[in-house]
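> pasting the structure only:
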Ligand SMILES: Nc1nc2c(c(=O)[nH]1)N[C@H]1C(S)=C(S)[C@@H](COP(=O)(O)OP(=O)(O)OC[C@H]3O[C@@H](n4cnc5c(N)ncnc54)[C@H](O)[C@@H]3O)O[C@H]1N2
Ligand code: MOO
């Protein structure tokens, strides 16, 4: 008779091995088109090509006079750092003022031997190759110009930032406020974005259904899923009956790209998730060498030709959240087409190692180093709520010394909160 799995692997498999198992074969979901106004937090599925140049036309960068630089050839160009604008004693060129143009006006052609008064942002008149700021002139008509500069000064060339037809933003970029502005500037009003992964959360346990224990896992995991960029929905709590759970799982998987369950995976009489899925092809249940969160499971369901991954997390709230951050968040990122390396930080103090990965509620010190919070007692939700991150202490039989770079799991991913 083969040895029971928990005896063959008393310590459990490594976190990295289980993470690789969950992520194996996950590929980005397809794309959809959305209005730019709805693209905040979304990930571009294709390069965005500029329909308009930025800036859209040659415009003045200063309030002053648009001139032909050849008409100012009699003026010396002062040293670049000269403080004063020159004076009448040093000579000037007088030009008649042909017109005034402001932003939004259509600029007339500049007649040779004259100047056009121009405001910042106004179109540069054809023929002009230099804008002389008011400070270098008498701002009269005729205008006396006291100083010149190289052709092109104080003119923002159309397309100097982005040329029409050029790639303005590359595929894979997450759209934030600056990207929204650039999309507007390049004249694009719809963009192809990656579909948001749909996350279904199923909590299990009779104590949740009766209300004897509030369903805190659903609250935390829906929020963590949203912060990671998923569309989320709860399908629990469900009672500890394998048939009831299997029915709920089928509904959830039909509506989701990823299912996460909590509870019912340890060794008890009523471990419903394990009981329902243990015999399902391709499902794995066992111990992972981590604390908290040892009992874990993973598999996939085939739903109308779609492969829907199912991550079965332990029920204890700290274990459920920590495991969600270790396994489900990277899975969401893989489905969203935004895989990223785990975050790391430098350890601020020495931390004792253990034969398994240990997750400690932690905060950052003034130097930005990660430090465990005092009072760690295994399963405190209160301590977790006071933490900024979970410190991932790697398995080792030695001390993990201050200064070591370790993985951290952010508990307040504010930068991701715009994602829904
Ligand atoms: N003989 C063994 N017993 C246990 C083992 C083991 O290896 N051998 N592992 C322990 C560890 S570690 C954990 S963690 C738990 C995980 O058990 P389950 O995943 O089966 O979780 P449940 O028994 O359903 O619940 C555990 C605990 O958490 C509470 N809970 C569950 N879901 C929620 C929820 N959605 N919101 C709030 N609280 C929840 C539940 O009431 C229980 O108190 O197994 C150990 N046992
Ligand atoms: O996974 Mo458990 O009790 O270590 O939380």
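That came through, no problem. This is a predicted model, so every value here is computed, not measured. Ligands and ions are numbered 1, 2, ... in the order given.
> Which parts of the stretch 251-400 of the chain are strands?
In the stretch 251-400 of the chain, the segments counted as strands under DSSP state E, counting those that start in this stretch are 258-262, 284-287, 290-291, 295-303, 306-313, 344-346, 351-352, 357-364, 370-372, 389-393, 399-400.
> ok, now the stretch 51-200 of the chain?
Along the stretch 51-200 of the chain, the stretches classed as strands by DSSP E, counting those that start in this stretch are 59-60, 64-67, 93-95, 97-101, 115-118, 130-133, 143-145, 155-156, 167-169, 190-194, 198-203.
> Put together JSON lines for these, with distance to residue 214 and mean pLDDT on each row.
To be clear about C-beta, it is placed using only N, CA and C from the backbone, and glycine gets the same treatment. Below are the strands of the stretch 51-200 of the chain laid out as JSON lines (distance: least, C-beta to C-beta, whole Å; pLDDT from 0 to 100):
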{"stretch": "strand 59-60", "distance to residue 214": "60", "mean pLDDT": "96"}
{"stretch": "strand 64-67", "distance to residue 214": "68", "mean pLDDT": "97"}
{"stretch": "strand 93-95", "distance to residue 214": "79", "mean pLDDT": "96"}
{"stretch": "strand 97-101", "distance to residue 214": "67", "mean pLDDT": "96"}
{"stretch": "strand 115-118", "distance to residue 214": "67", "mean pLDDT": "98"}
{"stretch": "strand 130-133", "distance to residue 214": "67", "mean pLDDT": "97"}
{"stretch": "strand 143-145", "distance to residue 214": "77", "mean pLDDT": "96"}
{"stretch": "strand 155-156", "distance to residue 214": "59", "mean pLDDT": "96"}
{"stretch": "strand 167-169", "distance to residue 214": "44", "mean pLDDT": "97"}
{"stretch": "strand 190-194", "distance to residue 214": "34", "mean pLDDT": "96"}
{"stretch": "strand 198-203", "distance to residue 214": "11", "mean pLDDT": "98"}
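> after the helix or strand bottoming out on mean pLDDT in the chain comes which helix or strand?
The helix or strand of the chain with the poorest confidence is helix 5-8; it has a mean of 54 (mean pLDDT, DSSP states H and E). Heading C-terminal from helix 5-8, the first helix or strand you meet, by DSSP states H and E, is helix 15-23.
> Residues contacting the helix or strand just after that following helix, please?
Next along the chain after helix 15-23, taking DSSP H and E as the criterion, comes strand 31-35. With contacts defined as C-beta atoms under 8 Å, 6 or more residues apart in numbering, strand 31-35 is touched by 42, 45, 46, 189, 190, 191, 192, 193, 194, 195.
> Report the beta-bridge partners for the closest residue to the second one other than its chain neighbours.
Leaving out its chain neighbours, the residue that sits closest to residue 45 by C-beta to C-beta, 6 or more residues apart in numbering is residue 31, at 3.5 Å. Here residue 31 sits in beta bridges with residue 194, as judged by DSSP bridges.
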